[in-house]
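Undergrad: This is a predicted model, with the sequence first.
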Amino acid sequence: MVEIFQLLGPDGDLRDGPSASAIDAELCRALFRDMVLARRFDDEAYYLQRQGELGLWLQSRGQEAAQVGSIRALRDTDWVFPSYRDHAAALCRGIEPAELLAQWRGVSQSGWDPARYRFHIYTLVLAAQLPHAVGYAIGAQHDGADELVMTYFGEGSSSEGEANEAFNWAATMAAPVLFFCQNNQWAISTPTQAQFGAPLHQRAAGFGLSTQVVDGNDVLAVHVATSRAAEAVRCGEGPAFIEALTYRIAGHSTSDDPTRYRSDAELDHWQTLDPLDRLRRLLEARGWADDGFFTHLEAEATALAERVRGACRALAAPEAASMFDHVLAEPGPALAAERAAYVEYAGSFLD
Amino acid sequence: MVEIFQLLGPDGDLRDGPSASAIDAELCRALFRDMVLARRFDDEAYYLQRQGELGLWLQSRGQEAAQVGSIRALRDTDWVFPSYRDHAAALCRGIEPAELLAQWRGVSQSGWDPARYRFHIYTLVLAAQLPHAVGYAIGAQHDGADELVMTYFGEGSSSEGEANEAFNWAATMAAPVLFFCQNNQWAISTPTQAQFGAPLHQRAAGFGLSTQVVDGNDVLAVHVATSRAAEAVRCGEGPAFIEALTYRIAGHSTSDDPTRYRSDAELDHWQTLDPLDRLRRLLEARGWADDGFFTHLEAEATALAERVRGACRALAAPEAASMFDHVLAEPGPALAAERAAYVEYAGSFLD
Amino acid sequence: MFTLSEAINRGLRAGLETDPKVMVMGEDVGRLGGVFRVTDGLQKDFGADRVVDTPLAEAGIVGTAIGLAMRGYRPVCEIQFDGFVYPAFNQITSQLAKLRARSRGRVTAPVVIRVPFSGGIGAVEHHSESNEAYFTHTAGLRVVSAATPQDGHWLLRQAIACDDPVIFFEPKCRYWSKGDVTESPDDPLVLPLDAARTVRRGDDVTLLTWGSMVETCLRAATAAQAEGHSLEVVDLRSLSPIDTDTLVASVRRTGRAVVVHEAPTFGGLGGEVAAALGEHCFTSLEAPVMRVGGFNVPYPAAHLEEHYRPDLDRVLDAVDRVLHY
Amino acid sequence: MFTLSEAINRGLRAGLETDPKVMVMGEDVGRLGGVFRVTDGLQKDFGADRVVDTPLAEAGIVGTAIGLAMRGYRPVCEIQFDGFVYPAFNQITSQLAKLRARSRGRVTAPVVIRVPFSGGIGAVEHHSESNEAYFTHTAGLRVVSAATPQDGHWLLRQAIACDDPVIFFEPKCRYWSKGDVTESPDDPLVLPLDAARTVRRGDDVTLLTWGSMVETCLRAATAAQAEGHSLEVVDLRSLSPIDTDTLVASVRRTGRAVVVHEAPTFGGLGGEVAAALGEHCFTSLEAPVMRVGGFNVPYPAAHLEEHYRPDLDRVLDAVDRVLHY
Ligand SMILES: Cc1ncc(C[n+]2csc(CCOP(=O)(O)OP(=O)(O)O)c2C)c(N)n1
Ligand SMILES: Cc1ncc(C[n+]2csc(CCOP(=O)(O)OP(=O)(O)O)c2C)c(N)n1
Ligand SMILES: [Mg+2]
Ligand SMILES: [Mg+2]
């Protein structure tokens, strides 16, 4: 059994050791800020859904450390292929609230320009983004670019054939890709015991991926592990895999009712392992952050929440005929005729 | 690196050790006979293709030990899901030459009744039979049957998503299934280095399958390893995986030209490791078979060859309207009408 | 009165009760009872061995179901949403559909694959697709769609009992709508698996439809009635094979036809229906067979879906066009 | 004069030469040059980095090609045989086809997927399928088929240059047949990617076809000529979108149409063509549009395939039926 890499205990103790030396107050404050803002964003989106402003929301609550710790270990030039619950990571890349909410409000199938943030649009078909990440990484390698590609996915998605094809492909082609699995213990109602017969990191190693398992609620461990993996990938040592053990605190989505399939005790247990609390304890114990920091951060979060609400409500549906846009590079006569007929038909109601 | 299990060296030496005690003259003669007949069958089919009697043939030459050693370690009640090159295994199950050739002659898409031989029809879509084997095994387990399921596949097929879904499924559900991979080093023109980044058995172990690697040209090692695995699966220890290292001596198929992609030296090397020669050396060295045995076997093989030729030439195409048979359990009006129209149309040429 | 979802649930329950070989399998069908609760309570009553929460892998679901079927089981698989059936496409088209023919009738694969399909619930992408035409073009499969609780129940029971593989499409936007379900399989309301149903009689135009659009067409017929036009509405129910006789008889009588489905029209099953009617009703048709369907674009975002999906007005517009051709 | 296979090979070569971002990838396309030798010699000349032997995984081929395309490459994938495209179906339909629309035009995926398709070479099962209709019903894809060396070359070059994903169907039984290939892209014989081609002019009946059946229809036209019937033959070339104008203009003139393809007729693209003609040529049609295709059964064993595939006689039989309707 591989050891789970941890730097920061649930009680906020920083473990000694060589990797701990990379940890300083500034890093911790920055990571804490990212996590706090991500959580506030997530809470706000949840409320907006409950108010009917969003059609659906998938909460990232509890997974902030896994996302923030990992994406902050990358360079801005590295590409990311996310799944659909990676809001904390998306915010770290600078994606705007409106961009992040558009798809869940139902005004668009995606909200941001991937090239601008080097962060691909969300992929809802589980595991489909994994081969994309591998292909993109192979392209980057061909280009001789000093870039790597990271892809996020859930432990449930790892059962899909396409995930496994991607693992094998990356290993065979030595692609500069980092597979980052957020094992949040559940795939909707399916627990990990019903998902795989051996730990995922063991499988990944079997494919020839350089593998680490990390406490996914320990943002420092995630950060150090990801930096380590990214460094190795960049040095041409081939693809890497990180399994971050974390927990989906909320239901799968706002449509889900997790009480049907999991116990309060389990949830309570994981609440005690909250990644934000943990880092806050460290910041306080070491005196790395003062009241001013926390107060200012709270104000920032409140401002963000307001911005989120405003941005969400301002998101309007595009005109109906826009559904004919962007289907093909050049619509051609068939699509143009269909669009024209639709516009004429729709216009007939205006008379 | 896992050790490759071998009992019989290329020079015909039987290694000492606990497993060697299960080996006796009778077993060796029986396995030798199976292999000799399989090879003669295969040769004959090859000639028949060259004479235009078969549309295509995929030779099993070189892989006799892997197939014979494994299938002979099973009980007749165990089910087998083969790939398409498993002729030696098929013959061991009693499948008739005509049944085995029908598909390659192009008179039918399959030739035998799977239930009769507990040997499914060949699957040409790579890896598609693996989930079938797992499902069948789960069914057998539900039934409380003391049966296991073995499935054959090539190392190339292991890259397909469906193969990996099957590995994971079997491990998760503890299905009584034995995955038997014939790693013959090539998938058409693709060598193993271009197929995976880590040895296959390592991946299999990563999925939680109980794994062995065996010299696939050593029929005794294959037999012992398979017996061992089958025993464990039967005892409820969960699914097993065997990687048999062997070699595809011939081209991929009679349409292939292997000189385009592989060296004579490689072929020559593997020729020296021939599974039949190896066992013959043991039989002779130990005096486990006398001239009479070999002479009689040669006569048997010649008789088989003749039977194969006769059976092949006698295989006639069914009447054309048979293509409408067996599409649905009950054809219903649409298919019946289509068939009737066809029969009428075809009949119009007879006037 | 049952909702469509309840009627299907009871159909599954009846299958599990009457035949010990019936199994239900899929993602989250057990403890959770499925994301639409269609399998609610079944695992509790029939056990985790017969109502199986599977790993998250659609090819695995269908592939292992095929193996189970070979072993004598009758698996009923659930694909969580229409847009997630594609990973299983290879197992469905190259294996499940062909197994009987490839084996010359020696192997049967009585697998049912339930697919909640089509839109209208404001879902995110990949959750609203009408992909029945991929399957109807695949010889060896039966494809059906239940538009009402009656069919949700009995069509499903027939599908489970059928020795052929059946792709069973459930219009998800109708899951919560109610209707009667007859008690006995001998009730004349229980039609054969491959029969169309004339759900409303009319003389001027025939609307041919299925799934979520049956209700839309019925409403269109009511609206047209007010304007003096009598529309016949035929629910195909069986999408492969198609009950051509019923369709042709209706259109020969009315002389005008509109096919309505949610899938994009281009290459959709409506083309097959129109082509068949064009051939068999050539001399009766007073106007071309018109098609009303989704546009030939990927399913749009939720806020646009009601512009994309055929509605009352678009159906009536087409009716108008065939009436005034 | 080049064979179709040579013409495609030269098209790939031209693509690799003119644009450093073009890549060729697939199973056995490198050292071996593909099982049909279509990629022969390319790896030798352009290196194993640009002509890539991939692992044996079709979803991986298309999925990584999508990633490469996002990175600015223009991958040309080979699927070894028609029957092996299904494992990639999810990547093609839910990812490749939708990427532009989902991203609101921000992401393009100029991926070409070459598929040797249809029968006629006496192959074993899964090696003779005509599955174009699955792709034509998928919005966001372009689907084309090259029937001649001229199209094998230029249509492919256009497909590679096109910013949309293109499924490129190659009739494998025509790989060895020869024809001229014009030198310059400006030659009037080089039609746009989405244009149909009238390959033979005629007045009595229009045959609408593509792929392997173009030759069959041309032979039918010659045979019919001898009996005094003048048949027009239109090669659709672009199967999605369809060049409806060309088709409609021809059928309006002849008043009679037969659609010929190898795929099973039920739910095939011929239904779409017949439905469109039924709509646009309603008043010109002297007879229903007839369809000649594969039967609605899984592709049969090699010895039966010439009974299954439409041939001269079956085409003429249909011509007869539309002439004497
Ligand atoms: C191919 C596919 N199958 C099924 C689904 C439906 N689905 C959406 S999320 C989900 C569970 C995913 O679990 P996991 O990968 O662990 O990610 P998590 O939701 O826990 O972040 C399922 C089954 C889907 N989106 N795609
Ligand atoms: C899904 C699928 N893709 C591609 C092919 C074409 N094909 C047939 S055999 C083969 C190589 C198989 O290699 P391996 O699995 O190692 O088996 P071997 O032929 O060596 O016995 C390929 C690519 C196929 N049959 N099925
Ligand atoms: Mg999860
Ligand atoms: Mg091999």
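TA: Everything's here; your move. Numbers count the residues shown, from 1 in each chain, chains lettered A, B, ... in the order given. Ligands and ions are numbered 1, 2, ... in the order given.

Undergrad: Quick check: which ranges of the chain have low pLDDT?
TA: You didn't say which chain, so I picked chain A. A:1, A:351 (pLDDT under 70).

Undergrad: oops, I was thinking of chain C
TA: For chain C, counting by pLDDT under 70, not a single residue falls below.

Undergrad: Strands of the stretch 201-350 of chain A, start to end?
TA: A:210-215, A:240-245 (DSSP state E, counting those that start in this stretch).

Undergrad: who touches the first one?
TA: So the one you mean is strand A:210-215. By C-beta atoms under 8 Å, 6 or more residues apart in numbering or on different chains, the residues outside strand A:210-215 that reach it are A:2-6, A:199, A:201, A:204-205, A:221-222, A:225, A:228-229, A:232, A:237-245. Just so you know, the C-beta spots here come from the backbone N, C-alpha and C atoms, and that holds for glycine as well.

Undergrad: May I have that strand exported as PDB, CA atoms only?
TA: In PDB, the C-alpha atoms belonging to strand A:210-215 read as follows (Å, rounded to 0.1, in the frame of the first residue of the first chain):
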ATOM      1  CA  SER A 210       4.600   7.900 -12.400                       C
ATOM      2  CA  THR A 211       2.100   7.900  -9.500                       C
ATOM      3  CA  GLN A 212       1.500   9.800  -6.200                       C
ATOM      4  CA  VAL A 213      -1.300   9.600  -3.700                       C
ATOM      5  CA  VAL A 214      -2.000  12.600  -1.700                       C
ATOM      6  CA  ASP A 215      -4.300  13.800   1.000                       C
END
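
Undergrad: Apply the buried test to the contacts of strand A:210-215 and list what passes.
TA: Buried residues within those, counting neighbours by 16 or more other C-beta atoms under 10 Å in any protein chain shown: A:4-6, A:199, A:201, A:204-205, A:221-222, A:225, A:228-229, A:232, A:238-245.

Undergrad: who's in contact with the residue in the stretch 151-300 of chain A positioned nearest to ligand 1?
TA: As assessed by C-beta to the nearest ligand atom, ligand 1 sits closest to A:Gly154 within the stretch 151-300 of chain A, at 2.2 Å. Shown here is A:Gly154, whose contacts under the criterion C-beta under 8 Å, 6+ apart are A:83, A:85, A:126, A:181-184, A:187.

Undergrad: Disregarding flanking residues, what is the spatial nearest neighbour of the residue nearest in space to the middle of chain A?
TA: Residue closest to the average C-alpha location in chain A (C-alpha atoms, centre = their mean): A:Asp86, at 2.1 Å. Counting by C-beta to C-beta, 6 or more residues apart in numbering or on different chains, A:Asp86 lies nearest to A:Tyr152, which is 5.0 Å off, once chain neighbours are set aside.

Undergrad: for chain A, what spans make up the helices?
TA: Counting by DSSP state H, the segments of chain A that form helices are A:25-50, A:64-71, A:87-92, A:97-105, A:114-117, A:129-142, A:161-173, A:200-206, A:219-234, A:264-271, A:275-286, A:291-314, A:332-348.

Undergrad: counting contacts, what elements does the third one pack onto?
TA: Meaning helix A:87-92. helix A:25-50, helix A:64-71, helix A:97-105 (3 or more C-beta pairs under 8 Å, 6 or more residues apart in numbering or on different chains; DSSP states H and E).

Undergrad: now the second one against strand A:240-245, angle please.
TA: Think helix A:64-71. Interaxial angle of helix A:64-71 relative to strand A:240-245 (axes from the mean of the first three to the mean of the last three C-alpha atoms, to 10 degrees): 160 degrees.
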